[in-house]
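Enquirer: Build me a model from this:
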Amino acid sequence: MSDTTDNQDNTNKGALEGITVIDASRVLGAPYCTQILADHGADVIKVEPPAGDETRTWGPPFLGDAASYFLGLNRNKKGIALDLSQPAGREVLMHLLENADVFVENFKIGTLEKWGIGYEELHKRFPALIHCRVSGFGADGPYGGMPGYDAAIQAIGGIMSVNGEKGGEPLRVGLPVVDMVTGLNAAVGVLLALQERVRSGEGQFVESALYDNAVSLLHPHLPNYYLNGNVPKPSGNAHPNITPYDTYATATGPLFLAIGNNRQFRNLCSILELGHLADDARFATTASRNGNRDALKTELEAGLAKWNCDEIADKLITSGVPCGPVRDVGQVVDCPHTHAREMIVDIGDYRGTGSPIKLSRTPASYRLRPPGFAQHTEEVMQKFGLDSETYRDVLPKDPQS
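Expert: Here you go, the predicted structure:
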């Protein structure tokens, strides 16, 4: 567990110290991108619309007036609010971008262009600025400019078609995997553009679209389809290419086995006192095991039936056999390994999920809890040399303040 408090003078400034990001995004994918950058030292200013990021209301549960959904994506950011539909609001944004390295947004495609601040205009005005856009489908193609949310993209992008019980209906993955991978790739794109700017001195446009990311996730289903032309269907927990790679019943609960090679399979059989299976021609190779997966599952579950799930999982994994008991979220939070890996972060009464990106000299740091609505308006305006009174009509205040 990482225990910290709001502390802007943290001695670890992070790998992105000195990089300023203006985050005019909402909901999930793009805010996740900017939280990654913020955790690694970037100075991120979150610019919300007058009504706020809608995920502030996506609860319960709530901490104060912010839903857990918002809290999970907006750590380490300073918060202001701007009415960008007004010329004066866009003027403030231009002042912020003048001193920024990165601009991240997920406006409906065409909105910034309508306001006269699309990429072409911004690039002329701020040639070193990196402009990152997260969108549903990108700007071109038959679906160009259309809106997209994670679950709808899971459907249209093929992910639902391979998820679900064998013989059952397509099923949404139980977490916003498309949004999160889109945010990850947006962050990768920003970092690539920052690296290239070192050579050229020039910014560029970075795009991460939900649809593209959904398609990119279809491994190994797309490579399989390219070769055999067979349209994949839901297969439950079973892997389409290898076995045993599935959940298996034990005496006390389901165990997931993830066997990737013959050595691991032989080791598994030895520990379960089923050594004869490793010498059985039906199970001797990956291909033969695939062809006899139902028979193999029956044999393995007969051997596992005498074992406590946690005990056999520990025995197998410490012997080099990849596996894991099927845990719930509460068990993951309570797991000592989760805390040893600093994947739980506490800042006052805020609890969040730590960064999975581990750097030896400049690790992630957790300096600020997610901002209240428009919390840092005065601080940000002063930092950029702007007079709040001049722009008071386009600087919404926290309605609770």
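Enquirer: Quick one: residues contacting residue 170.
Expert: 155, 160-164, 234 (C-beta atoms under 8 Å, 6 or more residues apart in numbering). C-beta coordinates here come from the backbone N, C-alpha and C atoms, glycine included.
Enquirer: I'd like those laid out as JSON lines, including secondary structure.
Expert: Listed next are these as JSON lines, based on DSSP: H, G, I helix; E, B strand; the rest coil:
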{"residue": "155", "secondary structure": "helix"}
{"residue": "160", "secondary structure": "helix"}
{"residue": "161", "secondary structure": "helix"}
{"residue": "162", "secondary structure": "helix"}
{"residue": "163", "secondary structure": "coil"}
{"residue": "164", "secondary structure": "coil"}
{"residue": "234", "secondary structure": "coil"}
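Enquirer: so which of those comes closest to residue 378?
Expert: Closest to residue 378 out of the contacts of residue 170 is residue 155 (44.2 Å), distances taken as C-beta to C-beta.
Enquirer: Share the number of residues neighbouring that closest one, please.
Expert: Residues contacting residue 155 under the criterion other C-beta atoms under 10 Å number 14.
Enquirer: Check residue 29 too.
Expert: 31.
Enquirer: same check, this time on residue 299
Expert: Counted with other C-beta under 10 Å, residue 299 comes out at 20.
Enquirer: In terms of pLDDT, where does it sit?
Expert: pLDDT for residue 299: 97.
Enquirer: which residue packs closest to it, ignoring adjacent ones?
Expert: With sequence-adjacent residues excluded and distances taken as C-beta to C-beta, 6 or more residues apart in numbering, residue 299 is closest to residue 277, at 5.8 Å.
Enquirer: quick revisit: ok, which pair from the contacts of residue 170 is furthest apart?
Expert: Top of the distance list for the contacts of residue 170 (C-beta to C-beta): 155 and 234, 13.4 Å.
Enquirer: Output the below-cut-off pLDDT ranges for the protein.
Expert: Within the chain, the segments meeting pLDDT under 70 span 1-11, 398-401.
Enquirer: Wait, residue 59 touches residue 69, no?
Expert: Yes: here residue 59 reaches residue 69: they are 6.7 Å apart, a contact under C-beta atoms under 8 Å.
Enquirer: Which one's more surrounded, these two?
Expert: Each of residue 59 and residue 69 has its neighbours counted (other C-beta under 10 Å); residue 69 has more, 20 against 15.
Enquirer: Not counting sequence-adjacent ones, nearest residue to the more buried one?
Expert: residue 58 (4.0 Å).
Enquirer: Nearest the middle, which residue of this structure would you pick?
Expert: The centre of the chain sits closest to residue 180, judged by C-alpha atoms, centre = their mean, with a distance of 2.8 Å.
Enquirer: ranges for the helices of the stretch 151-300 of the chain?
Expert: In the stretch 151-300 of the chain, helices defined by DSSP state H, counting those that start in this stretch lie at 177-200, 210-216, 221-228, 262-271, 275-278, 286-291, 293-304, listed in chain order.
Enquirer: what about the residue nearest to residue 69, how many neighbours?
Expert: 15.
Enquirer: what's the answer for the one 4 residues further on, then?
Expert: Using other C-beta under 10 Å as the criterion, residue 62 is surrounded by 15 other residues.
Enquirer: got it, and the one 5 residues further on?
Expert: Here the count is done by other C-beta under 10 Å, and residue 67 has 19 residues near it.
Enquirer: In contact with the closest residue to it other than its chain neighbours, which residues?
Expert: In space, and not counting its chain neighbours, residue 67 is closest to residue 59: 3.2 Å by C-beta to C-beta, 6+ apart. With contact taken as C-beta under 8 Å, 6+ apart, residue 59 is in contact with 67-69.
Enquirer: export those residues to TSV and tack on distance to residue 134?
Expert: Formatted as TSV, those follow (distance: C-beta to C-beta, whole Å):
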residue	distance to residue 134
67	20
68	21
69	17
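Enquirer: Show me which of those is closest to residue 313.
Expert: Nearest to residue 313 among those, counting by C-beta to C-beta, is residue 68 at 29.9 Å.
Enquirer: which non-adjacent residue is nearest the closest one?
Expert: Nearest non-adjacent residue to residue 68, counting by C-beta to C-beta, 6+ apart: residue 61, 5.1 Å away.
Enquirer: Repeat that for residue 234.
Expert: Using C-beta to C-beta, 6+ apart and skipping the chain neighbours, the partner closest in space to residue 234 is residue 164 (3.6 Å).
Enquirer: And the contacts of residue 170, which of them are buried?
Expert: In those, burial by neighbour count holds for 160-164, 234, counting by 16 or more other C-beta atoms under 10 Å.
Enquirer: Tabulate those residues in JSON lines, adding columns for distance to residue 143.
Expert: As requested, the buried ones among the contacts of residue 170 are arranged in JSON lines below (distance: C-beta to C-beta, whole Å):
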{"residue": "160", "distance to residue 143": "17"}
{"residue": "161", "distance to residue 143": "18"}
{"residue": "162", "distance to residue 143": "21"}
{"residue": "163", "distance to residue 143": "21"}
{"residue": "164", "distance to residue 143": "24"}
{"residue": "234", "distance to residue 143": "25"}
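Enquirer: number of nearby residues for the spatially closest residue to residue 262 that is not a sequence neighbour?
Expert: Spatial nearest neighbour of residue 262, excluding adjacent residues (C-beta to C-beta, 6+ apart): residue 285 at 6.8 Å. By the measure other C-beta under 10 Å, the count of residues near residue 285 is 12.
Enquirer: Residue 326 now?
Expert: Residues lying near residue 326 (other C-beta under 10 Å) number 13.
Enquirer: Bridged to the closest residue to it other than its chain neighbours, which residues?
Expert: Leaving aside its chain neighbours, residue 326 sits nearest to residue 254 (4.5 Å; criterion: C-beta to C-beta, 6+ apart). Taking DSSP bridges, one finds residue 249 as the beta-bridge partners of residue 254.
Enquirer: contacting residues around residue 75?
Expert: Each residue near residue 75 by C-beta under 8 Å, 6+ apart is listed here: 35, 38-39, 345, 347, 350, 352, 366, 368-370.
Enquirer: Helices - which of those land there?
Expert: Among the contacts of residue 75, the members falling in helices (DSSP state H) are 35, 38-39.
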